[in-house]
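In: sequence unavailable; structure follows:
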């Protein structure tokens, strides 16, 4: 059962000392004394007598149920709790214990009502979830093969560990051969001792023998754990000082940890573990892989409830203060029997979502910050509706042992051996559908790789016909998903899985961008004839110069762009006997392959406005002034350049105004501005007879924005602006 202090103290090996009852005391007084001193096996028999005489004795009936629960008599516990519930005697905790017995006897549906009403802590919710998701406990059932070992006795055998040479050390309550047979007051069985057996090449086990006789003291010993380098041992014992028990204030003898070191091939007791305490239990020690962290179970103050998993880190002065592993590991129930296998952390709990009784859980342990990933129930057949605990693995992680009372659901535990047929699913399932980003069409047969934090490939798969793929990843780690597919850009995405992620699946978006292999085909035509310009030409883009092929196409390959994106095409086209054409286009990549871009070029000839060809920006003057501003000089320099390229060209520089102000004023001002502009061009080396400056005022409006006379047309500022212009008209070509 989950909340049986029997497994806190029987498995944890608590000694309970029962004061001798005086003969004249009645059965109930004797029963209460046995109950108070944790002698539950003896108390149960006495309470049976009490209840037989008075079935309405509420206190005795509840204590009887607790005795059955704490000595693992599941069927009797269930029947007695059922009677308590029916009589209306049950507290919320009694109903919870009843629900536990129902789960352990596979009556889940009946247990739901009592779990739903339990509000003292989260155990009711945990086990409701367990019932709801019960099918999940069987998903990895084919991963293990499990059998009961031959060296079990008729009593308790549990908490195995594996030593070199196929030696299996375990804790047992089998009777001793001596005439003195110390009895454990809790169950009436013999005290616990450490034994070992050896498995030969045929899979047979030798007759069990005592392990380390020198440390098998009068009372309980075990379980035991040995460090990976086989130089340190931690043993659970009753709290004794010499040969005398150390009593807590409640009259009980608690558990303590004993540390031993291997010296000259002998185990010698080392310094006392500083956090043993007569008032609470410290048990089930387990070393980390480097031996510098000691994990253990304890009901010391500050925990989550019941027994919790704690750890201490070794420093220069010894062991640091105990640290509780927190709610991610511990529960309001009992969390016991920690085991470290590489970076995997195993323990048993009766307070987390499980199958009933103690279940074995696994998580990944990060030593750098002492955090764990998602805690996973190992499921069937490692776990059952009974108590399953004390797991041990072989060095290759392909086999191991565990303890369980699965066959009888009673106080006697047995050891089972298991082999790993295939690795079960651990961690979180990282899933996605690989799609084309632009079309959202799934991409089947796509190679997907999973890389670790160092960039090493740890898994590889191919998407199915629906574009789906999946990996199993650990919590608390960062991965990279890398995808390579022909005709698509390489894809890479980092995925971090939070340590406290609770779901079984983590969905990510995987969208690949198609490589359109884009080529812009620039076709240059004569603006007037629309014929291809096939004479000498080239396109200059930044530092690259491209010439046309025999078809007159200038092919501009584009790399790195994706479908749906835009390309800024910028450069200048030059062709013999044509004005340079500045290219500034935004091209959208809508399909793969060629994108046709057409540009038109003009030849210099009489009547042509050069300003429109070479894209002269408006030339501005200050209000009522005609001096050349720096920004106007930049534009006029463009005209100078063209005129130097065509020495036979003569231009009329015409300045125009809008209709506002008087016509005479506009004519005079525009003429001054035209002549000032022409003079600037002459100052740059152009012969004065090649440039004529002339002002037209408002005489050549290009729209109907008239302001004087009989016709006044209302116009916008933009319409007036169109009339304020400077034209550079070719009037002669030699």
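Out: Nice, thanks for sending it over. Please read all numbers here as calculations on a predicted model, not as lab measurements.

In: find the nearest non-adjacent residue to the residue nearest the centre of the chain, please.
Out: Centroid-nearest residue in the chain: residue 497, 0.9 Å away (criterion: C-alpha atoms, centre = their mean). Excluding the flanking residues, the one nearest residue 497 by C-beta to C-beta, 6 or more residues apart in numbering is residue 475, at 5.1 Å. Just so you know, the C-beta spots here come from the backbone N, C-alpha and C atoms, and that holds for glycine as well.

In: so what's residue 464 up against?
Out: residue 444 (C-beta atoms under 8 Å, 6 or more residues apart in numbering).

In: quick one: pLDDT of the residue nearest to residue 292 when sequence neighbours are not counted?
Out: Counting by C-beta to C-beta, 6+ apart, residue 292 lies nearest to residue 314, which is 4.4 Å off, once chain neighbours are set aside. Listed pLDDT for residue 314 reads 91.

In: please shift the residue numbers so they start at 57 in all later answers.
Out: New numbering, starting at 57: the last item is residue 370.

In: thinking again about what came up before, in contact with the residue nearest to residue 553, which residues?
Out: Residue 531 neighbours (C-beta under 8 Å, 6+ apart): 420, 429, 430, 483, 484, 553, 554, 555, 556, 557.

In: buried among these? Make that a PyMOL selection.
Out: Buried residues among those (16 or more other C-beta atoms under 10 Å), as a PyMOL selection:
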select buried, resi 420+429+430+483+484+553+555+557
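
In: list the ones among the contacts of residue 531 that fall in strands.
Out: 420, 484 (DSSP state E).

In: could you list the low-pLDDT ranges of the stretch 157-306 of the chain?
Out: Counting by pLDDT under 70, the stretch 157-306 of the chain contains low-confidence ranges at 230-247, 269-276.

In: now with 80?
Out: 177-178, 180-196, 230-248, 268-278, 298-299, 301 (pLDDT under 80).

In: all strands for it, in order.
Out: Assigned by DSSP state E, counting those that start in this stretch, the stretch 157-306 of the chain shows strands spanning 200-204, 213-219, 223-228, 249-254, 265-266, 277-282, 288-294, 296-297, 300-301.

In: what about those strands, which gets the closest to residue 321?
Out: strand 288-294 (13.1 Å; C-beta to C-beta).

In: packing partners for the closest one?
Out: strand 277-282, strand 311-319, strand 338-343 (3 or more C-beta pairs under 8 Å, 6 or more residues apart in numbering; DSSP states H and E).

In: list the buried residues for the second one?
Out: Yep, that's strand 311-319 we're talking about. Those would be 311, 312, 313, 314, 315, 316, for strand 311-319 by 16+ other C-beta under 10 Å.

In: so for the third one, what's the pLDDT?
Out: Translated: residue 313. For residue 313, the predicted pLDDT is 93.

In: now do residue 72
Out: The model's pLDDT for residue 72 equals 40.

In: same deal with residue 608?
Out: 81.

In: my guess is it meets residue 582, correct?
Out: No. Using C-beta atoms under 8 Å, residue 608 makes no contact with residue 582, being 11.3 Å away.

In: now the common contact residues for those two.
Out: Joint contacts of residue 608 and residue 582 (C-beta under 8 Å, 6+ apart) are 588, 589.

In: count of neighbours near the closest residue to residue 567 other than its chain neighbours?
Out: Of all residues not flanking residue 567 in the chain, residue 493 sits nearest, at 3.8 Å (C-beta to C-beta, 6+ apart). Using other C-beta atoms under 10 Å, residue 493 has 18 other residues around it.

In: and if you look at residue 268?
Out: 17.

In: in the stretch 457-606 of the chain, where is pLDDT below threshold?
Out: 464-468, 479-483, 531-532, 555-560, 590-600.

In: just give me how far the strand or helix carrying residue 153 sits from the chain centre.
Out: Residue 153 belongs to helix 148-160 when assigned by DSSP states H and E. Computed by C-alpha atoms, centre = their mean, to the nearest Å, the separation of helix 148-160 from the middle of its chain amounts to 35 Å.

In: buried residues in it?
Out: 150, 151, 152, 153, 154, 155, 156, 157, 158, 159, 160.

In: which secondary structure elements does it contact?
Out: helix 114-126, helix 130-142, helix 164-172, helix 179-188.

In: what lies in contact with that helix?
Out: Contacts for helix 148-160 (C-beta under 8 Å, 6+ apart): 57-59, 118, 121-122, 125, 130, 133-134, 137-138, 140-141, 146, 164, 166-167, 170-171, 173-176, 179-180, 183, 186-187, 406, 411-413, 441-442, 465.

In: buried only: go through the residues you listed for me.
Out: 57-59, 118, 121-122, 125, 130, 133-134, 137-138, 140-141, 146, 164, 167, 170-171, 174, 179-180, 183, 186-187, 406, 411-413, 441-442, 465.

In: one step back: the residue nearest to residue 567 and residue 571 touch, don't they?
Out: No. Here residue 493 does not reach residue 571: they are 11.8 Å apart, not a contact under C-beta under 8 Å.

In: now for the two: what residues contact both?
Out: residue 618.

In: need the helices and strands packed on helix 148-160 in a markdown table (columns: distance to residue 288).
Out: Formatted as a markdown table, the helices and strands packed on helix 148-160 follow (distance: least, C-beta to C-beta, whole Å):
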| stretch | distance to residue 288 |
| --- | --- |
| helix 114-126 | 33 |
| helix 130-142 | 38 |
| helix 164-172 | 43 |
| helix 179-188 | 35 |
